[in-house]
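no FASTA, just this:
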């Protein structure tokens, strides 16, 4: 069976060369006589795998030595609790609620201290990134433990294109959907984290990059913080406090290498921009399809759009599936349509989708349906 054009939001498309390498090594990894799935995480062979994954990621993102890199489990969702447990020392933090996952993180933060909503776009159904002036003013007060953002909102198709200026307060960011889609200035953040299942690898690995001084004294809520969520312990144990997701980290390392071998993150950003430009241009030129995110806040990773009604959306999903296009149904909270154009989604796939959109529109006539 031919591979489909996969626009799923996560788990998402992986580079085909990575899948083939993993297939070739599945039965016998590097002459060890066993699969990575079978080997001890304490073995020399596996230690080389995880160390190479971290070293490659550090090169890609130019991560300073003052930051620790962790490969954890529990998804971004577990970090919603882990961050306040580790960092909310004065029991006060600020949250920018720009989508569902930011709202969930804020709700979790409320359990451990005073989690202030500094800005929100919920009133407009999260169709944009809120204005950040009040956020920056509040951050400058110096009495917040951190300012939290979700840098790309997978469900609603919006993205921070400018980070808030939080010089006096650590900036914490969930970067799951935009991680490794382009360069990041790591020193702008106190901590950033990403579920790997978008751009970085398979589901089950969470990458955490944290400034060492923020965790040097242990968790803020040491009385209640589970040991697994203690970032100082995880850093001291090299992400091996318990058995990590060995195969997931192995695949992440291969994805990191693939990005490096395809000219790095600047080139990746250029390719992703070209894909997004083509898809947004097709939507803007259409009389049937309409974008749902404010143009100034549009995501480069998750393109959200819809037709004139839910019935026509479903008809287009079926039409696209017949042409080998999968994963374009919108999230249940937002409805409509969504195409996630992560790193491993090729321009050929985006071209197939835009051609399908034009054909479908031509087959149904004008917007007046």
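Cool, the structure landed. In this text, all values refer to a predicted model and were calculated from it rather than measured experimentally.

going by C-alpha atoms from here, please, whenever you check contacts or count neighbours.
OK.

if I look at residue 329, how far off is residue 320?
Using Cα to Cα, to the nearest Å, residue 329 is found at 10 Å from residue 320.

which of the two has more residues huddled nearby?
residue 329 (23 against 20; other Cα atoms under 10 Å).

what residues does that one make contact with?
Neighbouring residues of residue 329 by Cα atoms under 8 Å, 6 or more residues apart in numbering: 314, 317, 335, 336, 337, 338, 339.

among those, name the buried ones.
When the contacts of residue 329 are checked for burial by 16 or more other Cα atoms under 10 Å, the buried set is 317, 335, 336, 337, 338, 339.

looking at those residues, which is nearest residue 10?
residue 339 (11.1 Å; Cα to Cα).

hmm, who's touching the helix or strand hosting residue 248?
Using DSSP states H and E, residue 248 sits within helix 246-261. Contacts of helix 246-261 from elsewhere in the structure, counted by Cα under 8 Å, 6+ apart, are 14-15, 18, 22, 36-37, 41, 46, 49-50, 52-54, 56-57, 60, 71, 196, 200-205, 265, 268.

please pick the buried ones from those residues.
Buried among these by 16+ other Cα under 10 Å: 14-15, 18, 22, 36, 41, 46, 49-50, 52-54, 56-57, 60, 71, 196, 200-205, 265, 268.

okay, the angle between the longest helix along the chain and helix 246-261?
When the chain is parsed with DSSP state H, its longest helix is helix 264-284. Interaxial angle, helix 264-284 versus helix 246-261 (axes from the mean of the first three to the mean of the last three Cα atoms, to 10 degrees): 90 degrees.

which helices and strands does helix 264-284 pack with?
Applying 3 or more Cα pairs under 8 Å, 6 or more residues apart in numbering; DSSP states H and E, one finds that helix 264-284 contacts helix 44-61, strand 290-291, strand 302-306, helix 347-364.

what's the closest of those to residue 132?
strand 302-306 (21.8 Å).

so which residues make contact with that closest one?
Against strand 302-306 from outside (Cα under 8 Å, 6+ apart): 9, 153-158, 177, 276, 279-280, 283, 289-293, 313, 330, 336-342.

if we can go back for a sec, now the contacts of residue 329 as JSON lines including secondary structure and distance to residue 215?
Below are those laid out as JSON lines (DSSP: H, G, I helix; E, B strand; the rest coil; distance: Cα to Cα, whole Å):
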{"residue": "314", "secondary structure": "helix", "distance to residue 215": "48"}
{"residue": "317", "secondary structure": "helix", "distance to residue 215": "46"}
{"residue": "335", "secondary structure": "coil", "distance to residue 215": "40"}
{"residue": "336", "secondary structure": "coil", "distance to residue 215": "42"}
{"residue": "337", "secondary structure": "strand", "distance to residue 215": "41"}
{"residue": "338", "secondary structure": "strand", "distance to residue 215": "38"}
{"residue": "339", "secondary structure": "strand", "distance to residue 215": "37"}
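
quick one, what contacts residue 14?
Applying Cα under 8 Å, 6+ apart, the residues near residue 14 are 199, 201, 202, 255, 344.

next, format those as JSON lines and append pLDDT and distance to residue 213.
Converted to JSON lines, the contacts of residue 14 look like this (pLDDT from 0 to 100; distance: Cα to Cα, whole Å):
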{"residue": "199", "pLDDT": "97", "distance to residue 213": "28"}
{"residue": "201", "pLDDT": "98", "distance to residue 213": "28"}
{"residue": "202", "pLDDT": "97", "distance to residue 213": "30"}
{"residue": "255", "pLDDT": "98", "distance to residue 213": "29"}
{"residue": "344", "pLDDT": "98", "distance to residue 213": "35"}
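
report the two of those separated the most.
Pairwise over those, using Cα to Cα, the maximum falls at 202 and 344, 12.2 Å.

for this protein, which segments count as strands?
5-6, 67-72, 92-97, 114-120, 147-150, 152-153, 158-159, 171-174, 191-195, 206-211, 290-291, 302-306, 325-326, 337-340 (DSSP state E).

can I get those strands in CSV with distance to residue 132 and mean pLDDT?
Shown next, in CSV, are these (distance: least, Cα to Cα, whole Å; pLDDT from 0 to 100):
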stretch, distance to residue 132, mean pLDDT
strand 5-6, 34, 98
strand 67-72, 26, 98
strand 92-97, 9, 98
strand 114-120, 7, 98
strand 147-150, 11, 98
strand 152-153, 15, 98
strand 158-159, 13, 98
strand 171-174, 13, 98
strand 191-195, 19, 98
strand 206-211, 23, 98
strand 290-291, 23, 98
strand 302-306, 22, 98
strand 325-326, 36, 98
strand 337-340, 26, 98
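
buried deepest among those, which one?
strand 152-153 (a mean of 30; mean count of other Cα atoms under 10 Å).

you'd agree residue 272 is up against residue 181?
Yes - the pair residue 272 and residue 181 qualifies as a contact (Cα atoms under 8 Å) at a distance of 7.1 Å.

what about those two, which has more around it?
It is residue 181, of residue 272 and residue 181, that has more neighbours when counted by other Cα under 10 Å, with 27 against 22.

who's in contact with that one?
Contacts of residue 181 (Cα under 8 Å, 6+ apart): 199, 265, 268, 269, 272, 301, 342, 343.

farthest pair within these?
Every pair of the contacts of residue 181 checked by Cα to Cα; the farthest is 265 and 301, at 14.3 Å.
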